[in-house]
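A.B. asks: Sequence and predicted model, in that order:
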6 protein chains.
Amino acid sequence: MRPSSRAPDEMRAITIETDYTKHAEGSCLIGFGDTKVLCTASVEDRVPPWMRNKGSGWVTGEYSMLPRATHTRGNREAARGKQSGRTQEIQRLIGRSLRAVVDMDKLGERQITLDCDVIQADGGTRTASISGAWVALRLAVNGLLADRKLSEDPITGKVAAVSCGIHRGTPVLDLDYDEDSAADADANFVLIEGGQIAEVQATAEGATYDEEGLLRLLRLAQMGCGDIFRAQDEATR
Amino acid sequence: MRPSSRAPDEMRAITIETDYTKHAEGSCLIGFGDTKVLCTASVEDRVPPWMRNKGSGWVTGEYSMLPRATHTRGNREAARGKQSGRTQEIQRLIGRSLRAVVDMDKLGERQITLDCDVIQADGGTRTASISGAWVALRLAVNGLLADRKLSEDPITGKVAAVSCGIHRGTPVLDLDYDEDSAADADANFVLIEGGQIAEVQATAEGATYDEEGLLRLLRLAQMGCGDIFRAQDEATR
Amino acid sequence: MRPSSRAPDEMRAITIETDYTKHAEGSCLIGFGDTKVLCTASVEDRVPPWMRNKGSGWVTGEYSMLPRATHTRGNREAARGKQSGRTQEIQRLIGRSLRAVVDMDKLGERQITLDCDVIQADGGTRTASISGAWVALRLAVNGLLADRKLSEDPITGKVAAVSCGIHRGTPVLDLDYDEDSAADADANFVLIEGGQIAEVQATAEGATYDEEGLLRLLRLAQMGCGDIFRAQDEATR
Amino acid sequence: MRPSSRAPDEMRAITIETDYTKHAEGSCLIGFGDTKVLCTASVEDRVPPWMRNKGSGWVTGEYSMLPRATHTRGNREAARGKQSGRTQEIQRLIGRSLRAVVDMDKLGERQITLDCDVIQADGGTRTASISGAWVALRLAVNGLLADRKLSEDPITGKVAAVSCGIHRGTPVLDLDYDEDSAADADANFVLIEGGQIAEVQATAEGATYDEEGLLRLLRLAQMGCGDIFRAQDEATR
Amino acid sequence: MRPSSRAPDEMRAITIETDYTKHAEGSCLIGFGDTKVLCTASVEDRVPPWMRNKGSGWVTGEYSMLPRATHTRGNREAARGKQSGRTQEIQRLIGRSLRAVVDMDKLGERQITLDCDVIQADGGTRTASISGAWVALRLAVNGLLADRKLSEDPITGKVAAVSCGIHRGTPVLDLDYDEDSAADADANFVLIEGGQIAEVQATAEGATYDEEGLLRLLRLAQMGCGDIFRAQDEATR
Amino acid sequence: MRPSSRAPDEMRAITIETDYTKHAEGSCLIGFGDTKVLCTASVEDRVPPWMRNKGSGWVTGEYSMLPRATHTRGNREAARGKQSGRTQEIQRLIGRSLRAVVDMDKLGERQITLDCDVIQADGGTRTASISGAWVALRLAVNGLLADRKLSEDPITGKVAAVSCGIHRGTPVLDLDYDEDSAADADANFVLIEGGQIAEVQATAEGATYDEEGLLRLLRLAQMGCGDIFRAQDEATR
């Protein structure tokens, strides 16, 4: 039995509240159960120095946890004066994942920054961030299309992410904090609607796993991402 | 006429949503109009090194803006590797203001950290932070009292803060972003229920002001804080 | 009785030694009793990036304490790798205060930096810094006028600052270190000759204060600044 | 055809020169073709603060590139004042991978740090680092066993890593720099001798991939790691 | 002819104003012509962690230039967030030089920090710093002896420093800024009264020098330090 | 007797392995006995900002120790976030020493960076670095001449460095770690083939030294550098 009483292949409730803040070109508060992440998309008419004058755009991600998003308070990275390795790893992953579904030439010479700030954490913050960032991006691009700043849609598909793991010997979908702390293996899958994979990161924790285990986790991820794709669809319709 | 069509002595709508996050010992989302700040109170059974073994406690504040809380995206302080002078000034003010209404001996050897994270900014973020931090503190201390970790209430009164300024020659209460950008003088008042002053910070911007001007701003602040005290009262009843 | 035996409305001896260093365009060593601050004005024919090509100038301040300016040695901020919140707060205040008496259009596209380095500290270092910085600025601008780099005087008035506080129930002027450590309230006033206020920062320490208390402190500050204005006048005649 | 003329499932020459430096408890210079990494194992009789007095040990990794290991000179991270996100990601991966084959209770309260410094880079520096770090670790633990500081071998198996990718539509093993720059997908596999997986990191670059692609890359990795396990075996016999 | 019209073996005027600040245990303002350095000695009853419980003491130096000590304003190291290589080199030299004349066992478990802050620079700031630091140290130790905190004098001799260089082919003593900028070789000598050498740092700038040149510079330094030893003697009598 | 059984004027074995890495324009692994330093020369067609558009070039040095080059592991400077004073001192010395034998006008507007990374340390790492950096520089410049990017040789001579010291009363050449730890004086000489001196840094450690001692150390350094010049000659022939 999972601590949360969920079935092994059962996602937590997915909630997406769009236009959560008024200044960002696109925004949502995404929830995977008690995990809540504010995702905003900011459009700027400039690209990083190494991309200038090439006519194509850039999509990047940033990530942070509010200090008391967690069970015990963590120190602010701004106060410590540097971002942790974990933070940098996650924000690099967010950027890569979203770039996998954007045609940079169609975006033109502009940058979209996806800020993912975790308001409340209960496992799966990076996968909720990626899934919510897509919604913020979609809304921001919709605005650019409506304002005729873009003539063609640069978004080539939907991207979503979910974590899976082996908990007490059973592969389970969408780990919450209690499960994550006790899992033998922890895998994050970033999938693209239609069957393609953007990224797999599967790490043995207490115990290693084998090829069969990897495949079973991938199948669960495909089910979970199906649910997320439907929620993204409803939120941005 | 104020850009917002408010009367000179009219506060924006004050909203306080308590228990906004589940991990913090006390929390609220406070709104002064479109300014929204998440305030959390975190209780820890330790004090800073220089206070150890004295039997008394400590209250401190931290402050940050989410990068897209503002009209245009700001850089993350964690990415830049240091907090701005403005951020440090504000978090020192938050700490001082809340300490003005706490009896540190009654609190005992524990620290309460008040994190104020601005979700959306429209002027007055520091005053909303102080006013909301009091609510988070009150809720956290209520919990300590209910759990019998404290036998006496260490909170000695209510504290609230509001900004006032001189806008096109007229003293006005609770500046929003449009007014703040154009004000000749900008003053933040931290008041304690019952008529006492915890802090005044009044700065000439475009034009200087005189003693009479200072007093008129103080009177407006007393009115505004009266409204905030009532809202705090309802939220924590 | 004050520890220093001064009357409540009595300033410490104000000393201003001009042209204290030979390289700066303007400089003085200002003393408020045993508090000694070296103030230099450096003129540069460039402005910060965000001000370029607008034809107007900029005035900014920097502040530091020598490590053994104080009773016990403090760590060097350069060795620690960052400036404290207190230092940043003070240097922002110095810049704002001096900008209140400069017409930036008349100054033209140049920047004047006011460096205030505390040689010896005995309370009131920020107020002595502001008062001395005005002298350094005046001398530097006199030089620009004499060299015909400026045709019109951009300085619109005198600015001075002084601290006041409530010490054992009595409002007193110009706190020294012994009084400052024991004061119930600590207020810094930045005043402009002629009755205008540039900045008030009044903080409750041990006890809060009321409107009447604030006014009594302001009256003392007006007396103290009168003395400083006279000393500035003599020093720059 | 691969730029290197290798068959799709052909590793570059694996070279391992043990005892490359005299101070480290274990060391080797590992080569995957022109990629050369110096791996050292340093044993210390202390563990990180959060692990003290638990009787068990810790294994951690650090990684760096010499500035001219690459085609064009990179800036030194020590001079820039911080480690890049890439560096931190890699050193976290090295530590996790080696910990997967160490029984921390048998290691006792000591820490082994695996430093991987890239002398020359030609693709696959992180996988060569992990593979060489195991050799340095094995040699250091052999020394502890010989000196009777350990009575039981804490190493539970061999770990090796290799990169695979999809190059012009063909899955290929052990990408060199030319292939890596042009690959559509880039995957790093950390495998344990006997068929278990410690970590999979598979990233779509130019194009995404599907489940079948992932499996084909995994099969190649199993072949490559087989070669590395044999080379590790010979080097430490 | 030297720009200053001095004879090749002529020092600038040496001035030493003792007890320049009131808080430090020892202090002086030393001048080598227009170069002015404030040197303070701070005594603390603790030593660095790696020296604890050995019964012997430590002497260390710190160095800084005020931003406008120089012809054009330099950035504050505290604002830039790190000390330059030059600053670190000089403060290491100050510490080593003073330690050469202190018996650490006689000093007992205490640390003396010599802060050298350059108020005005005109060449030779590091040598003036060392020479003035000795005076501050002597005064601080005199105080410890007078207070019977020390029973034996830990100072074993006098140390002084001076720069020499080859200017237009002629070896000259005590370079000022104009000479220093144009010198072919620049040498700093730290000498101990009685003929011993604590440190030589002789650097070719425009042109290299030979053994004979080195010896001629050393002879000049011996003459210059003779003058400084006499000035130190008068100042501390 | 020296710990190493060498005669007082006997160098350790000098080994120079050229073209140690494939990407750098010039490289060698230099050994002074067990001290091994990888020196690379990187040529870039740009100079630092303050040198632009003057038609002349720049030569600079960087230095680092691998964490386990030494008896006990040192922390990585990149992880600590800053370079130590010792590192900065050494890399400034490397740059100055090499610039002493390069005609910057003949080099043209390009920069050569000499990276010296200590693979294994046993005393004399900075002198081995300078001596090896010359070899890397020579090889890189040979390449520029062969490619006709340079028409005239900008290298004006050979530069080499060696440490000498007073060990148990005897002046000895080329200190290894055991001698260095116990030496009374420690001197580094940077000499130019033909009898000129580029730099002397002679520091008293346990005991001071006199003029006669300095000269005896210089004579030893001349002998040692003679050996190094021959080795440089053979390596670059």
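C.D. replies: The structure has been received and is ready for your questions.

A.B. asks: The helix ranked longest in chain A and chain D in contact?
C.D. replies: If you go by DSSP state H, chain A has its longest helix at helix A:211-236. Yes - applying CB under 8 Å from any CB of the partner chain, one finds helix A:211-236 in contact with chain D at A:211, A:213-215, A:218. Where you see a C-beta, it was placed from the backbone N, CA and C, and this is true even at glycine.

A.B. asks: relative orientation of that helix and helix D:211-236 in degrees?
C.D. replies: Relative orientation of helix A:211-236 and helix D:211-236, computed by axes from the mean of the first three to the mean of the last three CA atoms, to 10 degrees: 140 degrees.

A.B. asks: just to revisit the earlier point, could you give me the PyMOL syntax to select whichever of the residues of helix A:211-236 next to chain D are buried?
C.D. replies: Listed next is the PyMOL selection for buried residues among the residues of helix A:211-236 next to chain D, using 16 or more other CB atoms under 10 Å in any protein chain shown:
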select buried, chain A and resi 213+214+218
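
A.B. asks: Max pairwise distance over the residues of helix A:211-236 next to chain D: which two?
C.D. replies: Pairwise distances across the residues of helix A:211-236 next to chain D peak at 10.6 Å for A:211 and A:218 (criterion: CB to CB).

A.B. asks: Nearest to residue E:126 among the residues of helix A:211-236 next to chain D?
C.D. replies: residue A:214 (63.5 Å).

A.B. asks: Next, the contact list for that closest one, please.
C.D. replies: Counting by CB atoms under 8 Å, 6 or more residues apart in numbering or on different chains, residue A:214 touches A:187, A:202, D:197, D:200, D:218.

A.B. asks: Which residue does chain A have closest to chain E?
C.D. replies: Closest to chain E within chain A is residue A:81: 9.2 Å, counting by CB to the nearest CB.

A.B. asks: If you drop the residues flanking it in sequence, what lies closest to the spatially most central residue of chain A?
C.D. replies: Centroid check for chain A by CA atoms, centre = their mean gives residue A:130 as the closest residue, at 1.2 Å. Spatial nearest neighbour of residue A:130, excluding adjacent residues (CB to CB, 6 or more residues apart in numbering or on different chains): residue A:161 at 4.0 Å.

A.B. asks: Tell me what that neighbour is bridged to.
C.D. replies: Taking DSSP bridges as the rule, residue A:161 bridges to residue A:190.

A.B. asks: and if you look at residue A:65?
C.D. replies: Beta-bridge partners recorded for residue A:65 (DSSP bridges): residue A:118.

A.B. asks: Just the pLDDT at it, thanks.
C.D. replies: pLDDT, residue A:65: 97.

A.B. asks: Give me the neighbour count for it.
C.D. replies: 22 (other CB atoms under 10 Å in any protein chain shown).

A.B. asks: same check, this time on the one 10 residues further on
C.D. replies: Using other CB under 10 Å, residue A:75 is surrounded by 10 other residues.

A.B. asks: Residue A:208 now?
C.D. replies: Neighbour tally, residue A:208, other CB under 10 Å: 23.

A.B. asks: likewise residue A:30?
C.D. replies: Using other CB under 10 Å, residue A:30 is surrounded by 30 other residues.

A.B. asks: From chain D, how far out is it?
C.D. replies: Note on residue A:30: its distance to chain D, by CB to the nearest CB, to the nearest Å, is 23 Å.

A.B. asks: Now that residue: closest residue in space, sequence neighbours ignored.
C.D. replies: Once flanking residues are discounted, residue A:30 sits nearest to residue A:132: 3.2 Å by CB to CB, 6+ apart.

A.B. asks: give me the low-pLDDT residue ranges for chain A?
C.D. replies: For chain A, no stretch has pLDDT under 70.

A.B. asks: switch the cut-off to 90
C.D. replies: Scanning chain A for pLDDT under 90 picks out A:1, A:3-4, A:49-53, A:80-82, A:167-169, A:180-185, A:204-209, A:237.

A.B. asks: Report all helices and strands that whichever helix or strand residue A:197 is part of contacts.
C.D. replies: Counting by DSSP states H and E, the element that carries residue A:197 is strand A:196-204. Under the contact definition 3 or more CB pairs under 8 Å, 6 or more residues apart in numbering or on different chains; DSSP states H and E, strand A:196-204 sits against helix A:85-99, strand A:185-192, helix A:211-236, strand D:196-204, helix D:211-236.

A.B. asks: just how off-centre is it within its chain?
C.D. replies: Here strand A:196-204 is found 13 Å from its chain centre; the criterion is CA atoms, centre = their mean, to the nearest Å.

A.B. asks: go on, stretch A:102-121?
C.D. replies: Computed by CA atoms, centre = their mean, the chain-centroid distance of stretch A:102-121 equals 11 Å.

A.B. asks: mind checking the end-to-end distance for it?
C.D. replies: Stretch A:102-121 has an end-to-end distance of 28 Å (criterion: CA to CA, to the nearest Å).

A.B. asks: Show me which residues of that stretch are buried.
C.D. replies: Within stretch A:102-121, the residues that count as buried by 16+ other CB under 10 Å are A:102, A:104, A:106-121.

A.B. asks: about what we covered before: just checking, the residue nearest to residue A:130 touches residue A:132?
C.D. replies: No - in this structure residue A:161 lies outside contact range of residue A:132 using CB atoms under 8 Å: 9.9 Å.

A.B. asks: which residues sit against stretch A:87-101?
C.D. replies: The set of residues external to stretch A:87-101 that reach it, using CB under 8 Å, 6+ apart, is A:59-64, A:77, A:114, A:116, A:125-126, A:129-130, A:133-134, A:137, A:155-159, A:161, A:188, A:190, A:192, A:198-199, A:201, B:78, D:85-86, D:88-89, D:92, D:203-204, D:208.
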